[in-house]
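Engineer: Sequence and predicted structure, then a few things I'm wondering about:
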Amino acid sequence: MSGKSLSAIICVVLAIGSRAAAAPPEAFDAFKRNDYATVLRVCEAPAKAGDSVCQDMLGVLYSEGQGVARDQAAAFHWFQLAAAQGNPTAEFNLALAYERGEGVAKNMAEAEKWYTKAAESGLPHAELRVAGLAIDRSDWKTAMKWLRPAAAQGLPPAQSLLGSAYEFGQGVRRSDKQAAKWYEAAADHGYTPAQSSLAGFYERGTGVDRDYKEAYFWYAVALRDPKDPTLKRDTEGLKRVAAKLSPDDVADAAQIAKDWKPEEVVLGPKTKSKRAAASSRGPKLRATGTGFYVARDGSLITNNHVIAACSEMRISDGANGIPAKVIAVDPERDLALLQAPKPVDAVAVFRSDKNRLGENVVVVGFPLSGLLSSEPIVTAGIVSALAGMRDNQRELQISAPVQPGNSGGPLFDGSGRIAGVVVATLDTVQLARAIGVVPENVNFAIKAEEARQFLAAHGVTVATAEGGKELSTAAIAEQAVKMTVRLECWK
């Protein structure tokens, strides 16, 4: 906490709009873009005339050697002048100089005095530092006095420390729910120690409902930080919860963690409207599947279970994706009709005749997103049975390998026509536990006829064709990738 960069403190205050003095706007803009030569040029005269903000900025430049030769004595001089006028950031930076012994003899009493002055002005970093000094001498009453407002202003390390206080009952009555609340606030803003703690809470069901998938997500997010202070513990935690999840859930959680971005840290006293904005968490990527275009107007088909729990669907396309509207669903068939915003050129052609036992088939889709290739993956096999699980006559059994994420993708016959819509694979781990045998390549697809009937019922007429020349897998894949898309479930 005491090692916080001076320029970072300045930028924090600029972000919350603390312009107590009449420093030239050009100085603020230059400081934010790291144009220190301009800061020096614009601020030198106002600082000498008594502008406390410019004095503080010059102190930072001299302290860090930005735009000028490093000179801690000069930095201390400017900090002292600005702090004497009640500038909160200068008070903090002066305290930091006393604590580090930079430009002045080290003096912790003076450091705490100036930290306290800055804290009394509401500077969250100062509030946190005063709390930290109180904790060092086991004065939890004073620590909580300053830790609460620092956390309430949105400072992630303060939020995490407050979460720890509630978890272990230090200075407050022990409360796992309050601990989880503050850990989550810090975790959402990218603070790695809080992410690790929150992962453990979800794994154990401490202060929150036990949720192994959520635990996996937070362990994975924490491990994105190469300086994760609990790297070994988080790695072990990730392995533990992965063993309790299905491969589909692991793949989903891994993709979400890969795509996740922390919320912006906005510091300052919170008004009611700001709290509401901060607490509103927009939709996040929760799962992925596959779909394919069935008409040139942008109609596409997938499984109902791919879209069932989603607040919005998107077609993968760079960082943001393309919104897709859900038009109709059929839970019994496990099919869903979506509409893309624009027409498309390549669409599927359905077979007009019935499936044949033993015929060649090709699966194209986006399985195990985040673990395997982000490009379409192609597998081949045969029609193993003309019925699905428990003689479900709406489905086929196929030997082409299928993984989580293939759901909703096209099943092509040997001539490149649609033979079905991929729907499921057996849970081999669960079945092995039940019967002692690991089944291989037992996967299922909804028959093309069922998909055509569903689409026709909702006004979509598809192209059909009888069997033609047998194509190579490569030739089928070449045409398939033009009509097959990765679907994203956001909620």
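Structural biologist: Perfect, thanks for sending it.
Engineer: When you work out contacts or count neighbours from here on, use the C-alpha atoms and nothing else.
Structural biologist: Will do.
Engineer: Next, find the distance separating the residue nearest the centre of the chain from residue 190.
Structural biologist: The residue lying closest to the centre of the chain (CA atoms, centre = their mean) is residue 260, at 1.6 Å. Relative to residue 190, residue 260 is positioned 10 Å away (CA to CA, to the nearest Å).
Engineer: Equivalent analysis for residue 241, please.
Structural biologist: Computed with CA to CA, the distance linking residue 241 and residue 190 is 21 Å.
Engineer: again with residue 80
Structural biologist: 34 Å.
Engineer: hang on, isn't residue 408 packed against residue 293?
Structural biologist: No. If you go by CA atoms under 8 Å, residue 408 and residue 293 don't touch, sitting 11.1 Å apart.
Engineer: Comparing the two, which residue is more hemmed in?
Structural biologist: residue 408 (35 against 28; other CA atoms under 10 Å).
Engineer: ok, and the closest non-adjacent residue to the more buried one?
Structural biologist: Closest residue to residue 408 in three dimensions, ignoring its sequence neighbours and counting by CA to CA, 6 or more residues apart in numbering: residue 302, at 3.8 Å.
Engineer: Residue 209 too?
Structural biologist: Closest residue in space to residue 209, ignoring its immediate chain neighbours: residue 202 at 6.7 Å, by CA to CA, 6+ apart.
Engineer: For the protein, which residues score under the pLDDT cut-off?
Structural biologist: Scanning the chain for pLDDT under 70 picks out the ranges 1-23, 268-282, 318-320, 369-374, 425-440.
Engineer: Okay, strands next: where are they in the stretch 351-491 of the chain?
Structural biologist: 360-365, 377-385, 395-398, 410-413, 418-425, 443-447, 463-465, 484-490 (DSSP state E, counting those that start in this stretch).
Engineer: Show me what the fifth one packs onto, helices and strands only.
Structural biologist: To tie it back to what came earlier, the one meant is strand 418-425. Applying 3 or more CA pairs under 8 Å, 6 or more residues apart in numbering; DSSP states H and E, one finds that strand 418-425 contacts strand 349-351, strand 410-413, strand 443-447, helix 448-457.
Engineer: of the ones you listed, which approaches residue 477 most closely?
Structural biologist: strand 410-413 (9.3 Å; CA to CA).
Engineer: pretty sure residue 171 contacts residue 138?
Structural biologist: No. Residue 171 lies out of contact with residue 138 (CA under 8 Å); the separation is 9.3 Å.
Engineer: The two: who's more crowded?
Structural biologist: Neighbour count, other CA under 10 Å: between residue 171 and residue 138, residue 171 has more, with 18 against 13.
Engineer: Grab the nearest non-local neighbour of that one.
Structural biologist: Nearest non-adjacent residue to residue 171, counting by CA to CA, 6+ apart: residue 140, 4.8 Å away.
Engineer: Ok, residue 292 next?
Structural biologist: Closest residue in space to residue 292, ignoring its immediate chain neighbours: residue 484 at 4.3 Å, by CA to CA, 6+ apart.
Engineer: list the contacts for that neighbour?
Structural biologist: Counting by CA atoms under 8 Å, 6 or more residues apart in numbering, residue 484 touches 290, 291, 292, 293, 364, 365, 409, 410.
Engineer: Can you add distance to residue 180 and give those back as TSV?
Structural biologist: Below are these laid out as TSV (distance: CA to CA, whole Å):
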residue	distance to residue 180
290	35
291	38
292	41
293	44
364	42
365	38
409	39
410	43
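Engineer: Closest one of those to residue 215?
Structural biologist: Ranked by distance to residue 215 (CA to CA), the contacts of residue 484 are led by residue 290 at 25.8 Å.
Engineer: check which helix or strand covers that closest one.
Structural biologist: Per DSSP states H and E, residue 290 falls inside strand 285-293.
Engineer: So in that sheet, which strands flank the helix or strand that that strand is followed by, and in what orientation?
Structural biologist: For strand 285-293, the following helix or strand on the C-terminal side (DSSP H and E) is strand 299-302. Each strand paired with strand 299-302, and its direction, by DSSP bridges: strand 285-293 (antiparallel), strand 335-339 (antiparallel).
Engineer: Which residues does the first one contact?
Structural biologist: Right, the one you point to is strand 285-293. With CA under 8 Å, 6+ apart, strand 285-293 has contacts from 252-253, 255-256, 259, 299-303, 306, 344, 346-348, 365-367, 369, 404-410, 483-491.
Engineer: can you list residues touching both of residue 408 and residue 293?
Structural biologist: Counting by CA under 8 Å, 6+ apart, the shared contacts of residue 408 and residue 293 are residue 301.
Engineer: the helices in the stretch 1-150 of the chain, which residues?
Structural biologist: Applying DSSP state H, counting those that start in this stretch to the stretch 1-150 of the chain gives helices spanning 6-15, 25-32, 36-48, 52-64, 72-84, 88-100, 108-120, 124-136, 140-152.
Engineer: now for those, which one comes closest to residue 175?
Structural biologist: Nearest to residue 175, of all the helices of the stretch 1-150 of the chain, is helix 140-152, at 14.7 Å by CA to CA.
Engineer: Tell me the helices and strands packed up against that closest one.
Structural biologist: Going by 3+ CA pairs under 8 Å, 6+ apart, helix 140-152 lies up against helix 124-136, helix 156-168.
Engineer: how does it look with 10 Å?
Structural biologist: The contact analysis (3 or more CA pairs under 10 Å, 6 or more residues apart in numbering; DSSP states H and E) places helix 140-152 against helix 108-120, helix 124-136, helix 156-168, helix 176-188.
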